[in-house]
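In: Pasted the sequence and its predicted model underneath.
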Amino acid sequence: MKHPRSTLSPWTALSRRTVLGLGAGLGALALGAMSVATPTPAAAQSAYPSRPVTLVVPFPAGGSTDLVARLVASRMTGVLGQQIVVENRGGAGGNLGSAAVARAEPDGYTILMGTVATHALNPALQKKMPYDAVKDFAPISLLALIPNVLVVSNDFPAKNVKELIELLKAKPGEYSYASSGNGTPLHLSGELFKSMAGVDMVHVPYKGAGPALVDVIAGHVPIMFDNLPPSLEQIRGGKLRGLAVTTKERAPSIPDLPTIAETLPGYETYSWNAFFAPAGTPKAVIDKLNAASLAALKDPEVSAKLADLSATVVGSTPEELATHVKDELAKWAPVVAASGARID
Amino acid sequence: MELLGDLGLGFATALSPYNLLYCFIGVLLGTAVGVLPGLGPVATIAMLLPITFGLPPVSALIMLAGIYYGAQYGGSTTAILINLPGESSSVVTAIDGYQMAKQGRAGPALATAALGSFFAGTVATFLLVLAAPPLAEVALKFGPAEYFSLMVLGLVASVALASGSLLKAFTMIVLGLLLGLVGSDVETGTQRFTFDMPELADGLNFVALSMGVFGLGEILRNLEHEHSRSVMVKHVSGLMLSKADFKRIIGPVLRGTGLGSVLGILPGGGAMLASFAAYTMEKKISPNRAQFGKGAIEGVAAPESANNAGAQTSFIPMLTLGIPSNPVMALMIGAMIIQGITPGPNVVTDEPELFWGMIVSMWIGNLMLVLLNLPLIGLWVRMLTIPYHLLFPAIIAFCCIGAFSVNNSVFDVFIMAVFGVVGYTLIKLDFEPAPLLLGFVLGPMLEENLRRAMLLSRGSPMVFITHPLSLGLLLVAAALLLIVVLPSVRSKREEAFSE
């Protein structure tokens, strides 16, 4: 029998979570009680953080963004001396949770797991944004990059990216590609591919990547751009044919799969995850959160699990993240405009 | 004999004291959150996800699975006792279950739910053992065209759910379809009926809507007649099933199990469709059909068996293909990935201990649930004798927690309050809320699959007829429609169903 590896004993964790599970209202009470019980250095009474930090994940639990958030959050306690409580606030493509953090008190007790969607695509897609991706946030750290992958059904004629482009050029508009929804990173990966390769295929949006992947495996839709982690096992299991990854470099988790850029130079898309605090959060607090994030990313268990997710660990400074957001906004705005996708 | 070896491995894994303990914790927690209105397995599993990091993968998944099917057991308890279906699958259980409770027969209703679920769980588990991989292939046969036709059949069948006026049932379905349209258009992203509120971009929340229409509406109505409500529950007759009851539920349980096992395999609403398809079928063929809607025990037995069978078989696409068929399965996949196991077609061969251990633990978990729930029935029934002025504020408080916990959103609590008033109005006007909820759930799926199928066929509606599965489903729907519409049959139907 394997022993629990968590720094927390599963029993303490269980009893606390049981209370949470039995009533979110009681949960607040339990957390309050816990922060009293957690020994804090007497001198640090006013020092940040003196109570648990809420990490808002603007997507439902269970997705890759949620997993990265929970993995990293579980190992930030060491530096912060406080628990990080993950709160899923999905809705409106990540805008609901992001807007909530943008409006939160800038005291470091509410932070956001931002993504390429919330901080690059949505601002380009939507006329009425409930927040400003640059002005309303103080960057903390770019955590990880996750590759996307171009997959086709097993019975699809094209065996590689070059054949796919030739096929699509010969029969414009005849083939369809599935995505996780209108205006999502996967949809726009497809649109970027269409414009760079000069081909036409019809976009078929789904409510999430899961159902889209099922229809590609079954052959109802022949082509799809997916996040690498869920598709990886399907490719290995022979249920799907992977054509290429979307990153500049090949993915270490499946090194024999070429990149799209090898056929279509300059093509690059990936999903990314980063921590943000509300704008106006004190520099000292940002630095502490940055240090805690970097420490968590260095934890061998966290980096091993991120590698399982095919994620590339980054761990940037706040300044590097600020530059990254600006670059991504500049990169995606023209793609979104060219695709004609918009959300009014 | 390979199967016996696999099962042996499964039993060895599931019966280790450590895993038995986690299985028990899972089903206990699941029952608890199922009983608390609105607090569903999704929120619970999401909250428990972090602690599973430190557990061995098999134990973690056994516990999470226990929460899921345990909640299916617990969910029927509130549906029966206080007319509060917290899960879409227990909406139809509430129809006759609550009527039974009002007649003082809450005990037999709860016992039927528990025994029916256990039987269905056992059968579905064996199905998992014997035929999981080929069954998963069946799920892949369902493309957009087939789903559309299945939803059409579902909607036509839901008309039959009404026990009163056909026109009123139809009105409720259409209203439900309209409510289901709220949110972003899947194809274009256009906002529909959102009034510039980003909270509505993903549509109305099912839990908030259902607890408002059913739960709060019922509470408002009860407050009008508090006197009669407290008298009604004084006479609670017998906790267990009589011999006559047993005879009446055998058929519905068997048929419900069959339907649930088949529909549960389909990703996307299969398990939910199962419970009301089973109810509709019983209502058509039961010798006691006149009693449906007024406390027929068959109306509890069939959907409860179906939803539990569906809950078990919905693991098939997840375990054999790595495909999540509902939000709970998506969370389970998340939990597996965190454990370093990426679900996919190779799990059965790469992780036999996990696969077989989990399946065997589901059967053991179902057994634990029956042993846990049968003695608890007396306790639950006694809950009905709590004075209503104490009970209803507690129910409202739990409803608020439940509505909030789905998305951590206060907005959903307000939505629930608004639909409480809607539900009360509907009761006053003698409209039944169940068809409304079914329209609400089926409508978006119907639209999405219709447009997707048409997009893939480049605008040709022939796709629904050229696909044999789709054609078959449409023919069944047409036949059902004929039965409802044909005047001679209709007059008989109204004789049978209206008082």
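Out: Received the coordinates, thanks. Because the structure is a prediction, the values reported are computed rather than measured.
In: B:Leu81 belongs to a helix?
Out: Yes. According to DSSP: H, G, I helix; E, B strand; the rest coil, B:Leu81 belongs to a helix.
In: how about it, what does it touch?
Out: Shown in contact with B:Leu81 (CB atoms under 8 Å, 6 or more residues apart in numbering or on different chains): B:98, B:101, B:106, B:110, B:380-381, B:383-384. In short, each C-beta sits where N, CA and C put it, glycine included.
In: now, among the residues you listed, which is nearest to B:Phe276?
Out: B:Tyr98 (15.6 Å; CB to CB).
In: Remind me what the host helix or strand of the closest one packs against, helices and strands.
Out: For B:Tyr98, the element it lies in under DSSP states H and E is helix B:91-102. Where contact means 3 or more CB pairs under 8 Å, 6 or more residues apart in numbering or on different chains; DSSP states H and E, helix B:91-102 is packed against helix B:57-82, helix B:106-140, helix B:270-285, helix B:298-313, helix B:433-456.
In: looking at chain B, which helix or strand does the model trust least?
Out: One helix or strand of chain B scores below all others by mean pLDDT, DSSP states H and E: helix B:226-232, with a mean of 51.
In: Residues of the stretch 1-150 of chain B that sit close to chain A?
Out: With CB under 8 Å from any CB of the partner chain as the criterion, the stretch 1-150 of chain B meets chain A at residues B:16, B:18, B:25, B:29, B:32-33, B:36, B:39, B:42-51, B:53-56, B:139-144.
In: and the residue of the stretch 201-344 of chain A found nearest chain B, how many neighbours?
Out: Scanning the stretch 201-344 of chain A for the residue nearest chain B gives A:Glu233, at 2.7 Å (criterion: CB to the nearest CB). Around A:Glu233 sit 21 other residues, with neighbours defined as other CB atoms under 10 Å in any protein chain shown.
In: Also A:Arg236?
Out: 17.
In: May I have the residues that are in contact with it?
Out: A:254, B:344, B:346.
In: Top of those by number of neighbours, please.
Out: Within the contacts of A:Arg236, neighbour counts (other CB under 10 Å) peak at B:Gly344, which reaches 25 neighbours.
In: can you map out the strands along the stretch 51-200 of chain A?
Out: Assigned by DSSP state E, counting those that start in this stretch, the stretch 51-200 of chain A shows strands spanning A:53-57, A:84-88, A:110-115, A:137-152, A:176-179.
In: so where's the stretch 201-344 of chain A uncertain?
Out: A:341-344 (pLDDT under 70).
In: on that earlier part again, touching, the residue of the stretch 201-344 of chain A closest to chain B and B:Gly322? I think so.
Out: Yes. Counting by CB atoms under 8 Å, A:Glu233 touches B:Gly322, with 5.7 Å between them.
In: Please, which helix or strand holds A:Ala244?
Out: With elements taken from DSSP H and E, the one containing A:Ala244 is strand A:241-245.
In: got it, and B:Ile337?
Out: helix B:327-338.
In: tilt between the longest helix seen in chain A and strand A:137-152?
Out: Longest helix in chain A, counting residues (DSSP state H): helix A:318-339. Calculated by axes from the mean of the first three to the mean of the last three CA atoms, to 10 degrees, helix A:318-339 forms an angle of 50 degrees with strand A:137-152.
In: Now helix A:318-339: buried residues?
Out: A:318, A:321-322, A:324-325, A:328-329, A:332, A:335-336, A:339 (16 or more other CB atoms under 10 Å in any protein chain shown).
In: Quick one: mean pLDDT for stretch B:40-56?
Out: Regarding stretch B:40-56, the rounded mean pLDDT is 76.
In: ok, back up a step: give the contact list for the residue of the stretch 201-344 of chain A closest to chain B.
Out: The contact partners of A:Glu233, by CB under 8 Å, 6+ apart, come to B:322, B:342-346.
In: How about it: what's its closest non-neighbour residue?
Out: B:Gly344 (2.7 Å; CB to CB, 6 or more residues apart in numbering or on different chains).
In: Hmm, the one you found is touching B:Ile323, no?
Out: No. The pair B:Gly344 / B:Ile323 is not scored as a contact, 9.2 Å apart, by CB under 8 Å.
In: and B:Asp202, that's in a helix?
Out: No. The assignment for B:Asp202, made by three-state DSSP, is coil rather than a helix.
In: Could you tell me which residues of the stretch 351-499 of chain B lie near chain A?
Out: B:397-398, B:401, B:404-405, B:407-409, B:448, B:452, B:455-456, B:458.
In: And these, which of them are buried?
Out: B:398, B:401, B:404-405, B:407-409, B:448, B:452, B:455-456.
In: Identify, from those, the entry nearest to A:Val57.
Out: B:Asn408 (10.2 Å).
In: A:Met76 versus the nearest residue to B:Glu447 once chain neighbours are set aside, what's the distance?
Out: When the adjacent residues along the chain are set aside, B:Glu447 lies closest to B:Leu181, with 7.4 Å between them (CB to CB, 6+ apart). Remark: distance between B:Leu181 and A:Met76 (CB to CB, to the nearest Å) = 42 Å.
In: do B:Ile25 as well
Out: Distance from B:Ile25 to A:Met76, by CB to CB: 27 Å.
In: Also A:Asp132?
Out: Distance from A:Asp132 to A:Met76, by CB to CB: 27 Å.
In: Please identify which of the two sits among more neighbours.
Out: Ranked by neighbour count (other CB under 10 Å), A:Asp132 and A:Met76 place A:Met76 first, with 25 against 11.
In: quick one: the more buried one and A:Leu297 touch, right?
Out: No. Counting by CB under 8 Å, A:Met76 stays clear of A:Leu297, with 9.7 Å between them.
In: B:Gly66 touches B:Val33, doesn't it?
Out: No. With contact defined as CB under 8 Å, B:Gly66 and B:Val33 do not form a contacting pair (11.4 Å).
In: Help me confirm that B:Phe148 is found in a helix?
Out: Yes. According to three-state DSSP, B:Phe148 belongs to a helix.
In: Not counting residues beside it along the chain, what's closest to A:Val101?
Out: Using CB to CB, 6+ apart, the nearest residue to A:Val101 is A:Leu112, at 3.9 Å.
In: how far away is that neighbour from B:Val58?
Out: 34 Å.
In: ditto for A:Gln126
Out: Taking CB to CB, one finds A:Gln126 at 44 Å from B:Val58.
In: Mind checking which of the two has more residues around it?
Out: B:Val58 (26 against 19).
In: where does the stretch 1-150 of chain B have low pLDDT?
Out: For the stretch 1-150 of chain B (pLDDT under 70), the answer is B:1, B:37-39, B:50, B:86.
In: Residue of it closest to chain A, please.
Out: B:Gly54 (2.7 Å).
In: May I ask which helix or strand encompasses that residue?
Out: Per DSSP H and E, there is no helix or strand for B:Gly54.
In: Okay, buried residues for stretch A:170-178 please.
Out: Here stretch A:170-178 shows A:175-178 as buried, counting by 16+ other CB under 10 Å.
In: re the thing from before, can you give the distance of the longest helix of chain A from its chain's centre?
Out: Centroid separation for helix A:318-339 versus its chain: 15 Å, with CA atoms, centre = their mean, to the nearest Å.
In: ok, how many other residues are close to the nearest residue in space to A:Ser179 that is not next to it in sequence?
Out: Sequence neighbours aside, A:His187 is the residue nearest to A:Ser179 in space, at 4.0 Å (criterion: CB to CB, 6+ apart). By other CB under 10 Å, the residues close to A:His187 number 26.
In: How much space separates A:His187 from A:Met113?
Out: Applying CB to CB to A:His187 and A:Met113 gives a distance of 21 Å.
In: repeat for B:Tyr18
Out: Using CB to CB, we find B:Tyr18 at a distance of 33 Å from A:Met113.
In: And for B:Thr112, the neighbour number?
Out: 31.
In: now the helices for the stretch 151-300 of chain A?
Out: Secondary structure of the stretch 151-300 of chain A (DSSP state H, counting those that start in this stretch): helices located at A:161-170, A:185-197, A:209-218, A:228-236, A:283-298, A:300-308.
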